[in-house]
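Participant: Here is my input; please provide its structure:
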Amino acid sequence: MKHTRIMQICEYVYQHDTVSLEQLQKQFGVSMNTIRRDVAQLVAEGKIQKIYGGVCIKENTGRLVPFTQRSAKNPGAKESIAYHAAQLINDSDTIFLDSGTTTLNIIKHLRERKNVTIITYNVYAIFEALTMDNLRIISLPGQLNRETCSFVGNSAIKALDNFNIDKAFMAATGLSIQTQVSNSSMSESEIKARAMQKSLKRYLLLDSSKFDRVSMNTYAQIADFTSIFTESPPPQAYLDYFKEQGICYTLCD
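Facilitator: Next up is the predicted model:
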């Protein structure tokens, strides 16, 4: 019976990509201690990965997940984070909008702003902003990466040298104390790093599933950001680290 339940838990996680321990406890009608033991066994066997508050499919840290697949994950958290981040944007701001499924959601909250300039390299962000006459859109040049739906290459990096940016809203594939802020795409990481250098204020937007994840390229240090936006409190180790380093974070609940 235990073996069957553990296999069913594994299948359930693979069907849903990311689930909380509370979801598993309700789904299988056993105690939380039993769920923790079952999850620990699956993690030890390398079948799933533990994240803050739950579990997810074990990923190859170098794997690049297509933009359309990422868009479907954690939509409520991404929307809440984007809404709170958008409140920092003022009339006449020049902002850099990173290529990410959370940062994309910022655009819908800018309908009442005046004369905002958006610099971006993401195709979906460009199309989303096209519907708003109050937004000036500057697209970085480059070759289209179909998986990330972004324009990448040296021309995009060099183009950023022409701009002075008020605020950058950045995305990441993973965040950890050891490897800091990382991303799956090397070509995107180079653009992210240059945008950070050109921006007066830098905001990192990531849902709680990104904590304790490590991806291929580290493009920034946590302390490089003005503030970090997430929808639920980070693990205590991160709260302690943020306090030690003087790093601000915004809880978007």
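Participant: Quick check: beta-bridge partners of residue 203?
Facilitator: Beta-bridge partners of residue 203, counted by DSSP bridges, are residue 169, residue 227.
Participant: Now do the same contact list for it.
Facilitator: 85, 88, 167-170, 225-229 (C-beta atoms under 8 Å, 6 or more residues apart in numbering). Every C-beta, even on glycine, is put in place using the N, C-alpha and C of the backbone.
Participant: isn't residue 116 right next to residue 96, touching?
Facilitator: No: Residue 116 is beyond contact range of residue 96, at 11.8 Å (criterion: C-beta atoms under 8 Å).
Participant: Looking at these two, which one has more neighbours?
Facilitator: The neighbour comparison of residue 116 against residue 96 (other C-beta atoms under 10 Å) goes to residue 96, with 28 against 21.
Participant: That one: what secondary structure?
Facilitator: Under DSSP: H, G, I helix; E, B strand; the rest coil, the three-state class of residue 96 is strand.
Participant: What distance do you get for the closest residue in space to it that isn't next to it in sequence to residue 143?
Facilitator: Spatially, and ignoring its direct neighbours in sequence, residue 96 is nearest to residue 168 (4.0 Å; C-beta to C-beta, 6 or more residues apart in numbering). Per C-beta to C-beta, to the nearest Å, residue 168 is found 22 Å from residue 143.
Participant: the more surrounded of the two?
Facilitator: residue 168 (25 against 12).
Participant: So the more buried one is in contact with residue 195, correct?
Facilitator: Yes: using C-beta under 8 Å, residue 168 is in contact with residue 195, at 5.3 Å.
Participant: what is in contact with the two at once?
Facilitator: What both residue 168 and residue 195 touch, as defined by C-beta under 8 Å, 6+ apart, is the set 96, 98.
Participant: returning to what we had before: mark which of the contacts of residue 203 are buried, thanks.
Facilitator: 85, 88, 167-170, 225, 228-229 (16 or more other C-beta atoms under 10 Å).
Participant: Run through this protein and note the low-pLDDT ranges.
Facilitator: 1, 14-15, 58-74 (pLDDT under 70).
Participant: did I read that right, residue 243 in a helix?
Facilitator: Yes: assessed with three-state DSSP, residue 243 lies in a helix.
Participant: roughly how far apart are it and residue 146?
Facilitator: Counting by C-beta to C-beta, the gap from residue 243 to residue 146 is 42 Å.
Participant: Kindly report the same for residue 138.
Facilitator: 22 Å.
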